[in-house]
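**Student:** starting from these lines, generate the structure:
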Amino acid sequence: MLGIRALKKLPLMVSLVVGASLGWWGHRTLFLNEMTSLKQQHADQLVVINQKAQSEMLAVVQQMKAAQNRAAQLDEYYSGKLADVTEENTALRADIAAGHRRVQIAAANLAGCQLTQNRDTGTGSVGDGTQIELTAKAGRTIYDIRGGIIRDQAKLDYLQQYVREIVRQCKPQ
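**Tutor:** Residues are numbered from 1 along each chain as shown. Reported below is the predicted structural model:
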């Protein structure tokens, strides 16, 4: 009796096992399809992020190269300007040392902002000393001071322009 009952239940049990297997297989296939779809979406998102990062990095590199070129141009311009003025100052100093030039300081009437030699005094006299002549050593010292002032001014001009460039680069565009 036990065997007949088991045989009557056998189709039910086989159908349950087959149904469960088909259900498990269908669910697994659906799950794998969803995973494949999610992996593809993730890969697509990574490609988009990578492309955006590369384009931004390229833009930053180009901006940096442009800034370096502008800095090099600034440096070249102000270095050339400084070299020219230094060369002129050296030539003037050499002329003073050789006696080809003299340094004279004109007396000024500071209240009227006019040089005394340009002032109408009526008749000229020996007491109208309009210029003071300096010794060669004092003249060289004057040109040394002038050269220092010129170098300092050139450095300040360069630094001011450099700061302007940096500020311009840092401003959001």
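
**Student:** count the neighbours of L92 for me.
**Tutor:** The number of residues packed around L92, counting by other C-beta atoms under 10 Å, is 19. Where C-beta positions appear, they are placed from N, C-alpha and C, glycine not excepted.

**Student:** nearest spatial neighbour of it, skipping sequence neighbours?
**Tutor:** Y143 (5.4 Å; C-beta to C-beta, 6 or more residues apart in numbering).

**Student:** from I150, how far off is the one you found?
**Tutor:** As defined by C-beta to C-beta, to the nearest Å, Y143 lies at a distance of 10 Å from I150.

**Student:** ok, back up a step: check contacts around the residue nearest to L92.
**Tutor:** Under the criterion of C-beta atoms under 8 Å, 6 or more residues apart in numbering, the neighbours of Y143 are 89, 92-93, 96, 103.

**Student:** so for it, what's the pLDDT?
**Tutor:** At Y143, the model reports a pLDDT of 82.

**Student:** ok, now G127?
**Tutor:** As summarised for this prediction, G127 has a pLDDT of 48.

**Student:** do the same with G122
**Tutor:** 47.
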